[in-house]
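Peer 1: quick one: sequence and predicted model below, then my questions.
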Amino acid sequence: MRPLDGITAVSLEQAVAAPFATRQLADLGARVIKIERPGLGDFARRYDRTVLGQSSYFVWLNRSKESLTLDIKAGREVLDRLLHRADVFVQNLAPGAAHRLGLAAADLGSRYPRLIVCDVSGYGPDGPYADRKAYDLLIQGETGVVSLTGSPSAPAKAGISIADIAGGMYAYTGILTALYHRATTGVATPVEVTLFEALGEWMGAPMNYTRYGGSEPARAGAEHATIAPYGPFTTMDGVSVLIAIQNETEWQSLCDVFLGDPSLATDPRFEDNPARVVHREELNAIVGARFATLDDEAAVALLERSRVAYAHLNPVTGFVDHPVLAARRRWHPVATPNGPVEALLPPANLAGIPARMDPVPAVGEHTDAILTELGYSPSDITALHDAGAV
């Protein structure tokens, strides 16, 4: 038994945020019926063709789901039958579409009193941006993330879809909370998540720093804007090593063991973190000069002795081949329409409960089976296909 065995989620989903939320429900055992456009499917299927001819995003986000192709206008009766049996309904349609289609939480609550409706949008159903389309880069820009990321001379977006991922995570945890609330009170509470507010939560530290400190954190590339030394340095053999000093004990140890100069710990320029940030350039020159005299092996040995936190600045291939993933057996095969691929197990390890790692569906792979389950006869199903409803 998995925690969400017996729970059915119907998801009118596309792109990243909602599929990320529902895939995690599927990881825990929920049955997730993914509604896709007839013929084309989720447009994320065509983002790229790098995974055995399939989209890297789609393969990541859609394992363990069932694919039902449905025109939600022509096939509205099918959707109604699904929702009558479902526990959760998730949608991230274009702004205003759910309301126009009668699929907003307010519309569905009276018809399906046990249905938990989760709406994922860019800016919410009201407010001055309610009608704006919202994609990951745009949300990163509006929340200030792009202004904080990159080098001093050029802003940059985060290299992964952090707005979508944040929205998907809060949708997932919101749904879990609503399921618990329904189990304890009998009341199905709607869940509303916006990408703007989800990523805004992640902006808490720089928001406080700016609002109460009077200035924004400076863009610092791979360094930390408000902690020093904290960032990458290059060894004599060209390896990038990241160090992160979090407290004065670590700073003292770095000076004593790695830098070989205990007096730096009490130098007025470096005696505490605010001073080190002010004199970051001078400090980085000292630390960088020491790294330049050591190869990677020697630098790591000294960092280990000093008990200073460090890591290597890996490319993505370095992550794929990472010894921690291999040693902890984190890779697991997952079937796809074009053949098996390796995927990472879910990060939350539940003792005694195996992760669900079922196939990624082809477009409409489960349509006829789901229609039969809903009570449609073979002739009914043929008629729905002929009408383009499924």
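Peer 2: Received it, and whenever you're ready, just let me know what you need.
Peer 1: how much space between Leu195 and Glu271?
Peer 2: Leu195 is 42 Å from Glu271, where distance means C-beta to C-beta, to the nearest Å. Every residue, glycine included, has its C-beta placed from N, CA and C.
Peer 1: those two: who's more crowded?
Peer 2: Leu195 (33 against 14; other C-beta atoms under 10 Å).
Peer 1: tell me who's in contact with the nearest residue to Leu345 once chain neighbours are set aside.
Peer 2: In this structure, Leu345 finds its nearest non-sequential neighbour in Ala355, 4.8 Å apart by C-beta to C-beta, 6 or more residues apart in numbering. Counting by C-beta atoms under 8 Å, 6 or more residues apart in numbering, Ala355 touches Asp27, His332, Leu345, Pro346.
Peer 1: scan the protein for its longest helix.
Peer 2: Of all segments of type helix in the chain, defined using DSSP state H, the longest is helix 162-185.
Peer 1: what comes up buried for it?
Peer 2: Within helix 162-185, the residues scored as buried using 16 or more other C-beta atoms under 10 Å are 162-172, 174-176, 178-179, 182.
Peer 1: pull the residues that contact it.
Peer 2: With C-beta under 8 Å, 6+ apart, helix 162-185 has contacts from 4, 7, 9, 15-21, 24-25, 87-88, 90, 114, 116, 118, 120, 134, 136, 139-140, 143, 145, 187-191, 193-196, 198-199, 201-202.
Peer 1: repeat that for stretch 271-287.
Peer 2: Outside stretch 271-287, the residues that touch it by C-beta under 8 Å, 6+ apart are 223, 226-229, 231, 233, 243, 245, 248, 251, 254, 259, 264-265, 268-270.
Peer 1: now intersect the contacts of helix 162-185 with the helices, please.
Peer 2: The helices, defined by DSSP H, take in 17-21, 24-25, 136, 139-140, 143, 145, 195-196, 198-199, 201-202 from these.
Peer 1: okay, Ile7: pLDDT?
Peer 2: Listed pLDDT for Ile7 reads 97.
Peer 1: so who does it touch?
Peer 2: Neighbours of Ile7 in contact, by C-beta under 8 Å, 6+ apart: Leu25, Gly29, Ala30, Arg31, Asp87, Val88, Leu179.
Peer 1: could you do Ser161 as well?
Peer 2: Contacts of Ser161 (C-beta under 8 Å, 6+ apart): Val16, Asp136.
Peer 1: relative to Gly204, how far out is it?
Peer 2: 20 Å.
Peer 1: what's the helix or strand that contains Arg305 in contact with?
Peer 2: Counting by DSSP states H and E, the element that carries Arg305 is helix 296-306. If you take C-beta under 8 Å, 6+ apart as the criterion, helix 296-306 is touched by 235, 237, 239, 241, 243, 250, 253-254, 256-258, 291, 294, 310.
Peer 1: what residues are up against the residue nearest to Arg81 when sequence neighbours are not counted?
Peer 2: Once flanking residues are discounted, Arg81 sits nearest to Leu374: 4.6 Å by C-beta to C-beta, 6+ apart. Listed by C-beta under 8 Å, 6+ apart, the contact set of Leu374 reads Val78, Arg81, Leu82, Arg85.
Peer 1: equivalent analysis for Ser55, please.
Peer 2: Ala44, Arg45, Arg46, Tyr47, Asp48, Arg49.
Peer 1: touching, the fifth one and Tyr57? I think so.
Peer 2: Yes. Taking C-beta atoms under 8 Å as the definition, Asp48 is a contact partner of Tyr57 at 7.5 Å.
Peer 1: more crowded one of these two?
Peer 2: Neighbour totals were compared for Asp48 and Tyr57, and Tyr57 leads with 22 against 13 (other C-beta under 10 Å).
Peer 1: from Glu250, how far off is the spatially closest residue to Val239 that is not a sequence neighbour?
Peer 2: Counting by C-beta to C-beta, 6+ apart, Asp296 is the residue found nearest to Val239 once chain neighbours are left out, at 4.0 Å. Per C-beta to C-beta, Asp296 is found 20 Å from Glu250.
Peer 1: likewise for Arg182?
Peer 2: 47 Å.
Peer 1: got it, and Asn273?
Peer 2: With distances taken as C-beta to C-beta, Asn273 is found 11 Å from Glu250.
Peer 1: next one: Thr266
Peer 2: Per C-beta to C-beta, Thr266 is found 15 Å from Glu250.
Peer 1: okay, those two: which has more neighbours?
Peer 2: Glu250 (17 against 10).
Peer 1: not counting sequence-adjacent ones, nearest residue to the more buried one?
Peer 2: Among residues not flanking Glu250 along the chain, Val308 sits closest, at 5.5 Å (C-beta to C-beta, 6+ apart).
Peer 1: quick one: the residue positioned nearest the centre of the chain and Val187, what's the gap?
Peer 2: Centrality entry for the chain: nearest residue to the mean C-alpha point is Ile165, 2.6 Å, by C-alpha atoms, centre = their mean. Per C-beta to C-beta, Ile165 is found 29 Å from Val187.
Peer 1: now do Ser153
Peer 2: Taking C-beta to C-beta as the measure, Ser153 falls 53 Å from Val187.
Peer 1: which residues touch Ile381?
Peer 2: Here Ile381 is in contact with Asp368, Leu371, Thr372, Val390 (C-beta under 8 Å, 6+ apart).
Peer 1: ok, of the residues you listed, which come out buried?
Peer 2: Among the contacts of Ile381, the ones that count as buried by 16+ other C-beta under 10 Å are Asp368, Leu371, Val390.
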